[in-house]
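K.L.:
my questions concern the predicted model and sequence given below.
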Amino acid sequence: MRKTTKSRGEKIVKDIKRATRKHYSSEEKIRIVLDGLRGEDSIAELCRREGISQGIYYKWSKDFMEAGKRRLAGDTACAANTDGVKGLRREARDLKEVVAEQTLELRLLKKSMIGDGGDHE
C-alpha cells in the first residue's frame, strides 16, 4: 500500500505544479527568444532570469525560426484563401463556363450549316 500512497502524492504534486505553471503569451516567448539571439547574456542566465528551462527556450527558438522560414517562403496556403483570390477563382470559373457555352454553340452552328447543305470552308 505504501506504493499507492507515494504515487497518489506524486500525482497531487504534479497537479499542483501544472496548475501553478506560468503560461507565456506569444509576445513573451518572442521577447525571450530575441533576448537569447542578442547574446547579451548566456542562454542559461536568460533562462534562470525568466524562470524557464533551457529545453523550453530552445523549443521556442526552433518554433520561432520555423515560423520565420515559412513566412519568408511566402505562405501560399494562407494567400490562396484571401477574398481577392476567391473572387478571381470565381471569375475564372464563370469565364470557363462562357467559353464552354460558346464552343458548344459554334459546333451546333457548324453542324447545322453542314446538315443544310450550306457552304462550309
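P.N.:
Noted; the coordinates are in hand.

K.L.:
Glu28 is in what secondary structure piece?
P.N.:
For Glu28, the host element (DSSP states H and E) is helix 26-38.

K.L.:
helices or strands up against that helix?
P.N.:
Under the contact criterion of 3 or more Cβ pairs under 8 Å, 6 or more residues apart in numbering; DSSP states H and E, helix 26-38 touches helix 43-50, helix 54-72. C-betas here are computed from N, CA, C, even on glycine.

K.L.:
so how far is Arg38 from His94?
P.N.:
Rather than His, residue 94 is Asp. Distance of Asp94 to Arg38, given as Cβ to Cβ, to the nearest Å: 53 Å.

K.L.:
check Arg71 too.
P.N.:
To Arg38, Arg71 is 21 Å away according to Cβ to Cβ.

K.L.:
for Ile16, same thing?
P.N.:
35 Å.

K.L.:
let me see the mean pLDDT of stretch 43-58.
P.N.:
Model confidence over stretch 43-58, given as mean pLDDT, is 95.

K.L.:
quick one: buried residues of the helix holding Glu28?
P.N.:
For helix 26-38, burial by neighbour count (16 or more other Cβ atoms under 10 Å) applies to Lys29, Ile32, Val33, Asp35, Gly36.
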